[in-house]
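Enquirer: structure for this input, please:
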Amino acid sequence: MIRRPVPLALAAFVLLCLGAGSRAAQQLDPVEGDARQFQVVELTRGLDHPWALAFLPDGDMLVTERSGALRLIRRDGRLERQPITGLPRIVASGQGGLLDVALHPQYGDNGWLYLSYVAPVEGGMATRVARARLDGFRLKDLQEIFSMNRGSTAARHFGSRLLFDRAGYLYVSVGDRGDRPRAQRLHDHAGSVMRLHDDGRIPISNPFVGDPNAAAEIFSYGHRNPQGMALDPVTGMVWIHEHGPQGGDELNRLQAGKNYGWPVITYGVNYGIGTAIGEGTHKAGMVQPVYYWVPSIAPSGMAFYSGDRFPQWQGSLMLGSLKFGLLVRLEMTRGEVIGEERYLHGDFGRIRDVRVGPDGLLYLLTDASDGRLLRLEPPRS
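Expert: Below is the predicted model:
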């Protein structure tokens, strides 16, 4: 059958129906990935619900544990039993605790590392970000650079990923705290992605600077619980994914000032009873996801693969699944998903973080009381 081009007027009408500037969201049938492409090597275990991983310049690794410890793992996989001291006060409750860790793009010059975590505040708990310098097994020069502007007693949907873009801006994702309407309130940090200078100052180019009814830190809003962020090494575009409710996990390109719709539009439904949420899946002025998952996979850490050890994965988005214990590969072309492959299938439990190492290998953290650090390597010939 010959596919004829869609008339421009009709195409414009379709785009209008889907929402201003939005493309139709996409979901593909996942396929089983060929597990013969790699072998899984366990580097260490005994981590208490590890949440995030960052590579130091010498190849050693920093790992956060949700219970509140920052651990050092040597490049050979040896876990230092002595935790790093000097952290801020952290509340480990429900989904909260010590969350992401990221290094400044000029870490070799300034030594700044960044942590996101849950802290006690008036009204309950809130997501915060601090930076510090590592001196042996302690942090020094600790500075809090961001705190949510409203606390809550809810112990869920804290976010929180940290990412630097090419211009050196720091992005901070914050969940809706389980209080859905907050994600649509521009004066409230909940359900938003913040953009900051590396010291916490607000960039004057942020989209809501000067709006008396909005928090100037906000870069985008209408998010439910974003727990993955990644920088496209080719385009410099920031990508995020977020947890839907029952169904409706989303992959999005991050755009300044955009409303990503939660809870007005979603591809998910209410837990258990399966009833609709909000106004459907589309609304003018709200962004459609690039890709979505029904049923939910509960996506976790995410990274673009740009190494040379798995050339067949070049340019792919690699992400974990908490719900099914998957490693998911999204094949990308021109900013669109053209294929989804799935690996592991619960072989190692819940996958919490996915990172590409400086050696071009893929590193995974498993979310368990006896959590593991795994490395994917090419198969031995």
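
Enquirer: which parts of the stretch 1-150 of the chain are helices?
Expert: For the stretch 1-150 of the chain, the helices defined by DSSP state H, counting those that start in this stretch cover 8-18, 107-110.

Enquirer: list of residues touching stretch 286-296?
Expert: Surrounding stretch 286-296, the residues in contact under the criterion C-beta atoms under 8 Å, 6 or more residues apart in numbering are 18-19, 21-28, 222, 243-253, 255, 258-261, 264-265, 267-268, 282, 299, 323, 330, 335-337. (C-beta placed from N, C-alpha, C; glycine too.)

Enquirer: so how do I select the buried members of those residues in ChimeraX?
Expert: The ChimeraX selection below is limited to those of the contacts of stretch 286-296 classed as buried (16 or more other C-beta atoms under 10 Å):
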select :18,19,22,25,222,243,244,245,246,247,248,249,250,251,252,253,258,259,260,261,264,265,267,268,299,323,330,337
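
Enquirer: among the contacts of stretch 286-296, name the ones in strands.
Expert: Applying DSSP state E to the contacts of stretch 286-296, the entries found in strands are D249, E250, L251, N252, R253, P299, L330, E336, V337.

Enquirer: okay, the fifth one: pLDDT?
Expert: Looking back up the chat, that one is R253. For R253, the pLDDT comes out at 98.

Enquirer: number the residues from 36 up from this point.
Expert: In the new numbering, first residue 36, that becomes R288.

Enquirer: ok, the nearest residue to N294 once chain neighbours are set aside to A250 distance?
Expert: Of all residues not flanking N294 in the chain, G257 sits nearest, at 4.3 Å (C-beta to C-beta, 6 or more residues apart in numbering). As judged by C-beta to C-beta, to the nearest Å, G257 and A250 stand 14 Å apart.

Enquirer: please apply the same query to L205.
Expert: Remark: distance between L205 and A250 (C-beta to C-beta) = 16 Å.

Enquirer: follow-up on the earlier one: mean pLDDT for the helices of the stretch 36-185 of the chain: which is lowest?
Expert: helix 43-53 (a mean of 37).

Enquirer: how close does S404 sit to R101?
Expert: Relative to R101, and taking C-beta to C-beta, S404 is found at 10 Å.

Enquirer: more neighbours: which of these two?
Expert: Neighbours were counted for S404 and for R101 using other C-beta atoms under 10 Å; R101 has more, 25 against 9.

Enquirer: residue contacts, the more buried one?
Expert: So R101 contacts D83, H84, P85, W86, A127, G131, G132, L133, L134 (C-beta under 8 Å, 6+ apart).

Enquirer: at 10 Å what do you get?
Expert: R101 is in contact with 82-87, 125, 127-134, 152-153, 387, 402, 406, counting by C-beta atoms under 10 Å, 6 or more residues apart in numbering.

Enquirer: repeat for Q130
Expert: The contact partners of Q130, taken as C-beta under 10 Å, 6+ apart, are R101, V153, A189, A190, R191, H192, F193, G194, G210, G213, N260, Q262.
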